[in-house]
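Enquirer: just need the structure, nothing else, for what follows:
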Amino acid sequence: MAEPEAMNWSTENCTISRTMEILGDKWTFHVLRELFVGVRRFEDIRARALIPRQVLTDRLAGLIERGVIRRHPYRVPGQRERSEYRLTEAGLALYPVLVALMQWGDQYVAVDGGPPIEARHRECGGQVQVVLQCEAGHAPIPREVAIRPGPGAVRRELAS
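Expert: Take a look at the predicted model:
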């Protein structure tokens, strides 16, 4: 049997790998979930998501460093200035990723009583769905999608 064509291409510059360097653990997604639902302050995120203090500090710093979130100062009267955290354009672009994770979880690891949270369109109330679609408007099923080398692909060095 011939080896798959993918074996000819390097994965050293893989987009998925680079993305997972930023997002690759559950705590990062917990932080993003909280920000997407409007929880922005450190102690509120920590309390709601049950994240250990140092882990939250590290995840916030990493997301700031990578441009996914930014600090926004606020001050409660009589207290020192603190920061809350807001999504950048890059962070907001992750919304479909979180909705896709919710959809997958609701289908394959569902809880009794239905989904614990839902993504709904504010204007009409309709449930938001992430849909795979090509630029021509077709909605192919996964088996109809081919992953092919792109313009940044690098041929794999074959061992001699």
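Enquirer: can you pull the domain assignment for the protein?
Expert: Domain assignment for the chain, taken from automatic domain parsing, gives 15-93, 97-160.
Enquirer: how far off centre is the helix or strand containing Gly105?
Expert: Here Gly105 is covered by helix 95-108, with elements defined by DSSP states H and E. Chain-centre distance of helix 95-108: 10 Å, with C-alpha atoms, centre = their mean, to the nearest Å.
Enquirer: check which helices and strands it sits against.
Expert: For helix 95-108, the elements it packs on are helix 26-36, judged by 3 or more C-beta pairs under 8 Å, 6 or more residues apart in numbering; DSSP states H and E. In short, each C-beta sits where N, CA and C put it, glycine included.
Enquirer: hmm, who's touching the helix or strand following the helix it packs on?
Expert: Counting by DSSP H and E, the next helix or strand C-terminal to helix 26-36 is helix 42-49. Here helix 42-49 makes contact (C-beta atoms under 8 Å, 6 or more residues apart in numbering) with 27, 30-31, 33-35, 39, 51, 53, 56, 60, 82-85.
Enquirer: and stretch 52-69, by the same measure?
Expert: Contacting residues not belonging to stretch 52-69 are listed as 22, 25, 27-28, 31-32, 35, 42, 45-46, 49, 51, 70-71, 85-88, 90-91, 94 [C-beta under 8 Å, 6+ apart].
Enquirer: before we move on, back to that, of all the domains of the chain, which one is nearest Glu5?
Expert: Distance to Glu5, taken as C-beta to C-beta, is lowest for domain 97-160 among the domains of the chain, at 8.4 Å.
Enquirer: how far does the closest one sit from the chain's center?
Expert: The answer for domain 97-160 is 11 Å, by C-alpha atoms, centre = their mean.
Enquirer: pLDDT averaged over that domain - what is it?
Expert: For domain 97-160, the mean pLDDT works out to 91.
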